[in-house]
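Trainee: no sequence on this one, just coordinates:
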């Protein structure tokens, strides 16, 4: 495993360095700058120039980039331009909420996708298979901002079962936190669950067509055991790759879902940072998202080898 | 040959066990506290009978505060009057009332004003408020980095004469008619922590509430200031401001009782609550809700004022108010709301929807078929307004190319005077003394504005209206009328409708008010049972 990691880590680091450069450059290419936002709608050029100078935005781009990397390496991310406070504190506060949301959503992805895939692949009744197909297609077709608003209308406004928005810490108030989490996590999970269910269903169907399944059936092994102990494990490796990619989608989708449900996570922070051109917040957060992607891909490859012994780390 | 085993159709014992466990889980969940009730309770512990002490009022807003704009008019001004105080506050007829200043006297020549200050005021840090804090507050606004729109008025103060700790004379370079606009606008910060305040880490003022927690992008929590100078106030134990960016979610939070009060419900959504007895709706004659079309007078075609006037005649303002603002607004071709000393019925109705007259003016200007760029901010509401305006202009032969632009970009273009031929936005500052609009609001600023409009006549009349100590004499009213005449004639800003902030309050929230700058005043607010 050490050799495997030694081989993969340099490429991961290279991705991070390239990403840092792109993130830095793209932000500077967007029209509007932090000084204008900070100065407010009726500011004069003198005020804007004074703020630009104070923030170091009048320095050459390379100098600004080097200064940012220096801060990253030192672990001190510095102050936010517009949102207020230290970037480290802002990210620290949002990270817990986003982790709670994405992990909750991930759990729901698996809990929804697994039975749907097994049902779709094993049902001998065509209407059931067609229903599974229709459900996954429908869920994929509806964007999360529609699902979110519908969930709020039904469960918060209509039946008054769940709160319309907000957040509680899972550690401090677990019973309340689960109820606050339910709708945003479901909204975030549904599209990924549909994708995973489709991949997994195809994988199970392929596995069920294999010779060893016919042999097991001939030997009198129960259908349930064949599906859960033989076909599903063989379908899992490719599904895990898809799941790894979906984790990335969950982090990206959090930007929208957090806005709908007023969830105080990193997604809201990114959105606020972009709208206010808060360069330090957006740069650091986007790089963090890339780092999460890289780490998840690495873990996915490790999980792949664990699930499929035919693949070796070397 | 053995038939392949089938999936059991009847529930097995294992399936029954699982179902039982799931049921037990649901029952456990049902036995838990309800998050809906929790959110409602957090939104206010009820006390019976108004007005009563206690409870936490929850306010929903769509946008977080920008700490660096604490001393400027910005999109969120809810916290200014919660944490801080001003020197005076206006009543409904723009007459100053005591706040931290208990009395004032303007010298006969208008070149100085003497303020008598309260002696029983403490900052949240425990330090006593004195005249020195007023000196600091004025100098703070004179600093360009604070971006205060009333900086020009603050800059007219050239000297301070202290007569003890609680009396102060401000010496002015010239008389100004909007001095009390400054006193309504200028919050008094703690001079020892002002840099922390603009960095968003600490707010210390003399106001009724102290900031106890801030979660950027999520919420701000305030606790009652037990040493507040206003006896028996505030009634509330605390206030929570929840930031809910999505308009639909904000509305849902009000409907479900999770929040009590908001000033950020869109006009078309307010219209859906109008008949709901759960809500009280109160439009304010304040805020930044005057809709206008800005014109770059140096752009091709629109440099001719006949073309600008044609645009003013082409717009169906009634339809705009009904369709885009849900009926919450009044059509007006002048910037002034009805409470302004400059308001006249003739000015408000000067331009009506008259496409024929617009076409005639365009013919006269030799501009019968035009294509013009039209910028607007890319949020849903402003986009709907721009589309309505686009349709109206098309009917008189002016095709427009809509340019959706995000707010920071548009702001940069406005400040750098690089706007396209047309744009639509909203402006504030017309709810105050009229001179403030022409010297402090960027679209109308006589010295430099986004329209690149300059006129010696406009500058002259604005400066004469501003450089005087009285603001309601017949001479002052005559000057305001002349400002209105120039605006209606030149149409570098084409006013469309006036729509102030709308208060949407759940049935339990009482007593909240806004000042002329939209600062939320909860001194007398309370929650009913």
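Mentor: Sure, I can see it. Computed from a prediction, not measured in an experiment: that's the story for all the values here.

Trainee: now what about stretch A:6-21, what contacts it?
Mentor: Stretch A:6-21 is contacted from outside by A:65, A:68-69, A:72, A:283, A:286-287, A:290-291, A:294-295, A:297-298, A:301, using C-beta atoms under 8 Å, 6 or more residues apart in numbering or on different chains. C-betas here are computed from N, CA, C, even on glycine.

Trainee: ok, now how distant is whichever residue of the stretch 351-500 of chain B sits closest to chain A from residue A:298?
Mentor: When scored by C-beta to the nearest C-beta, the stretch 351-500 of chain B has residue B:408 as its residue closest to chain A, at 3.2 Å. Noted for residue B:408: a distance of 36 Å to residue A:298, by C-beta to C-beta, to the nearest Å.

Trainee: what do you get for residue B:384?
Mentor: In this view, residue B:384 and residue A:298 are 47 Å apart by C-beta to C-beta.

Trainee: one more: residue B:377?
Mentor: Distance, residue B:377 to residue A:298, using C-beta to C-beta: 42 Å.

Trainee: kindly report the same for residue B:156.
Mentor: 64 Å.

Trainee: of those two, which one has the most company?
Mentor: residue B:156 (23 against 17; other C-beta atoms under 10 Å in any protein chain shown).

Trainee: that one touches residue B:176, doesn't it?
Mentor: Yes. At 5.1 Å, residue B:156 counts as touching residue B:176 under the criterion of C-beta atoms under 8 Å.

Trainee: retrieve the pLDDT associated with the closest residue to chain B within chain A.
Mentor: Using C-beta to the nearest C-beta, the single residue of chain A nearest to chain B is residue A:84, 1.8 Å away. Looking at residue A:84, its pLDDT is 86.

Trainee: which residue sits closest to residue B:164 in space, ignoring its chain neighbours?
Mentor: Once flanking residues are discounted, residue B:164 sits nearest to residue B:131: 7.4 Å by C-beta to C-beta, 6 or more residues apart in numbering or on different chains.

Trainee: so residue A:240 sits against residue A:301, correct?
Mentor: No. With contact defined as C-beta under 8 Å, residue A:240 does not count as touching residue A:301 (9.5 Å).

Trainee: between those two, who's got more neighbours?
Mentor: Ranked by neighbour count (other C-beta under 10 Å), residue A:240 and residue A:301 place residue A:240 first, with 21 against 18.

Trainee: ok, the more buried one - contacts?
Mentor: By C-beta under 8 Å, 6+ apart, the contact set of residue A:240 is A:300, A:303-304, A:307.

Trainee: 6 Å instead?
Mentor: A:303-304 (C-beta atoms under 6 Å, 6 or more residues apart in numbering or on different chains).

Trainee: in a helix, that's where it is, yeah?
Mentor: Yes. Looking at residue A:240 with DSSP: H, G, I helix; E, B strand; the rest coil, it is inside a helix.

Trainee: neighbours of residue A:143, how many?
Mentor: Applying other C-beta under 10 Å, we find 11 residues neighbouring residue A:143.

Trainee: do the same with residue B:328
Mentor: 21.

Trainee: doesn't residue B:267 make contact with it?
Mentor: Yes. Counting by C-beta atoms under 6 Å, residue B:267 is a contact partner of residue B:328 at 4.3 Å.

Trainee: so the spatially closest residue to residue A:132 that is not a sequence neighbour is in which element?
Mentor: Spatial nearest neighbour of residue A:132, excluding adjacent residues (C-beta to C-beta, 6+ apart): residue A:120 at 3.6 Å. Using DSSP states H and E, residue A:120 falls within helix A:87-122.

Trainee: average pLDDT across that helix?
Mentor: 92.

Trainee: give the other helices and strands that that helix contacts.
Mentor: helix A:126-141, helix A:174-208, helix A:232-260, helix A:266-275, helix A:279-307 (3 or more C-beta pairs under 6 Å, 6 or more residues apart in numbering or on different chains; DSSP states H and E).

Trainee: quick one: those helices as TSV, columns for mean pLDDT too.
Mentor: TSV is the format used below for the helices and strands packed on helix A:87-122 (pLDDT from 0 to 100):
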stretch	mean pLDDT
helix A:126-141	87
helix A:174-208	92
helix A:232-260	84
helix A:266-275	88
helix A:279-307	86
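
Trainee: count of residues packed around residue A:199?
Mentor: When neighbours are defined as other C-beta under 10 Å, residue A:199 has 19 of them.

Trainee: wait, doesn't residue B:496 sit right on residue B:318?
Mentor: No. In this structure, residue B:496 is not within contact of residue B:318 by C-beta under 6 Å, at 10.5 Å.

Trainee: separation between the residue nearest to residue B:164 and residue A:122?
Mentor: 83 Å.

Trainee: what residues are up against residue 273?
Mentor: Just going to use chain A. By C-beta under 6 Å, 6+ apart, the contact list for residue A:273 reads A:281-282.

Trainee: please refer instead to chain B.
Mentor: Neighbouring residues of residue B:273 by C-beta under 6 Å, 6+ apart: residue B:279.

Trainee: neighbours around the closest residue to residue B:316 other than its chain neighbours, how many?
Mentor: Excluding the flanking residues, the one nearest residue B:316 by C-beta to C-beta, 6+ apart is residue B:353, at 4.3 Å. By the measure other C-beta under 10 Å, the count of residues near residue B:353 is 17.

Trainee: then residue B:275?
Mentor: Quick note: residue B:275 (other C-beta under 10 Å) scores 7 neighbours.

Trainee: how close does the most centrally placed residue in chain A get to residue A:26?
Mentor: A centroid search over chain A (C-alpha atoms, centre = their mean) returns residue A:251, at 2.0 Å, as the residue closest to the centre. Distance of residue A:251 to residue A:26, computed by C-beta to C-beta: 18 Å.

Trainee: now swap in residue B:391 and tell me
Mentor: Computed as C-beta to C-beta, the residue B:391 to residue A:26 distance reads 36 Å.

Trainee: and residue A:48, by the same measure?
Mentor: Computed as C-beta to C-beta, the residue A:48 to residue A:26 distance reads 22 Å.

Trainee: so which of these two has more stuff around it?
Mentor: Remark: of residue A:48 and residue A:26, residue A:48 carries more neighbours, 24 against 12, as counted by other C-beta under 10 Å.
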